[in-house]
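**Q** sequence-free structure coming up:
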């Protein structure tokens with residue numbers, strides 16, 4: 001859902017978010033908790049490593065979408081504050 005679908009662009013002097021949550025299980029692998037990813041990331045199995053890289057790409061795209069929508073909402077010369085995002089898996 002695009003924020004700009006219901007909030008006009010260039011509307012605010014400052015836009016802030018405290019924390020951007022990652023997407024939980026973006027590939028539908030059933031790995032919900034962060035600790036469940038570690039064995040896959042450290043696996044010698046190339047398929048598992050590839051899936052973890054793809055999952056991280058999806059999470060990064062989510063962060064980029066969130067940030068780009070924040071940028072669209074702020075007036076030119078305004079301030080965008082992202083206090084924290086999750087660490088890579």
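**A** All right, it came through fine. Since the model is a prediction, treat every value here as computed from it, not as a measurement.
**Q** Not counting its neighbours along the chain, what's nearest residue 31?
**A** residue 37 (5.5 Å; Cβ to Cβ, 6 or more residues apart in numbering). C-beta coordinates here come from the backbone N, C-alpha and C atoms, glycine included.
**Q** if I look at that neighbour, how far off is residue 86?
**A** 12 Å (Cβ to Cβ, to the nearest Å).
**Q** more crowded one of these two?
**A** Per other Cβ atoms under 10 Å, whichever of residue 37 and residue 86 has more neighbours is residue 37, with 19 against 13.
**Q** list the contacts for the more buried one?
**A** Neighbouring residues of residue 37 by Cβ atoms under 8 Å, 6 or more residues apart in numbering: 31, 52, 55, 89.
**Q** Inside helices: which ones of those?
**A** Per DSSP state H, helices hold the following members of the contacts of residue 37: 52, 55.
**Q** How confident was the prediction at the nearest residue to residue 86 once chain neighbours are set aside?
**A** Closest residue in space to residue 86, ignoring its immediate chain neighbours: residue 22 at 4.6 Å, by Cβ to Cβ, 6+ apart. With respect to pLDDT, residue 22 scores 84.
**Q** Sketch out the low-pLDDT regions of this protein for me.
**A** Applying pLDDT under 70 to the chain flags the ranges 1, 3.
**Q** For it, which residue occupies the most central location?
**A** For the chain, residue 63 is the residue whose C-alpha lies nearest the centre (Cα atoms, centre = their mean; 2.6 Å).
**Q** Could you say which helix or strand holds residue 37?
**A** Secondary-structure assignment from DSSP states H and E places residue 37 in helix 34-41.
**Q** on contacts alone, who are the packing partners of the longest strand that the chain contains?
**A** Secondary structure assigned by DSSP state E gives strand 74-82 as the longest strand of the chain. Secondary-structure packing of strand 74-82 (3 or more Cβ pairs under 8 Å, 6 or more residues apart in numbering; DSSP states H and E): strand 12-17, helix 46-73.
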